[in-house]
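Peer 1: With the sequence up front, the predicted model follows.
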Amino acid sequence: MGIDTQLIDDGTYFVVESSGTLAGCGGWSRRATLYGGDHSRGRHPGLLDPTRDPARVRGMYTHPGFVRRGVGRLILARCEEAAAAEGFRTLELMSMLAGRPLYEAAGFVPVEQVEDPTGGVPVRLVRMRKPIAAPTH
């Protein structure tokens, strides 16, 4: 999907390093865009209303050498904590089929299946959601 500089500009993008190696990255957003990089069509930078809209999880990637080592779960946990601290009560993401098991294990449930034909070859995607709790501080 490519780089999503909106997450970086908003300060909502996380990077996990292990001994100087990029192990994974991902972030959350208070903006309407559900998925895709800077070059993607249909991006909507408008702000979401935490009282009615789900925060978005976007740009999740794990280096192949670090799969099944907790990197994705760590990033998801940080996204959930940060979104909850800003008043969001639901997270939403668009998953490629390979990511679906991770997201389901983290409590996300499928709500819609779609195909994105943008790159010339249709890619099957699953929109998923998860309720999140208010911070306990």
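Peer 2: Here it is on my side, so go on.
Peer 1: ranges for the helices of this protein?
Peer 2: Assigned by DSSP state H, the helices in the chain fall at 5-10, 71-85, 100-105.
Peer 1: beta partners for the residue nearest the centre of the chain?
Peer 2: Most central in the chain under C-alpha atoms, centre = their mean is residue 57, positioned 2.2 Å from the mean C-alpha point. When bridges are called by DSSP bridges, residue 57 pairs up with residue 28.
Peer 1: And the one 5 residues further on, by the same measure?
Peer 2: Applying DSSP bridges to residue 62 gives these bridge partners: residue 24.
Peer 1: Tell me if I'm right that it and residue 24 touch.
Peer 2: Yes - at 4.0 Å, residue 62 counts as touching residue 24 under the criterion of C-beta atoms under 8 Å. All C-beta spots, glycine's among them, are computed from the backbone N, C-alpha and C.
Peer 1: Quick check: neighbours shared by those two?
Peer 2: 71-72 (C-beta atoms under 8 Å, 6 or more residues apart in numbering).
Peer 1: can you give me the offset of the helix or strand of the chain with the lowest mean pLDDT from its chain's centre?
Peer 2: Least confident helix or strand, the chain: helix 5-10 with a mean of 92, by mean pLDDT, DSSP states H and E. Centre-to-centre, helix 5-10 and its host chain are 13 Å apart (C-alpha atoms, centre = their mean, to the nearest Å).
Peer 1: What is it packed up against?
Peer 2: For helix 5-10, the packing partners by 3 or more C-beta pairs under 8 Å, 6 or more residues apart in numbering; DSSP states H and E come out as strand 21-29.
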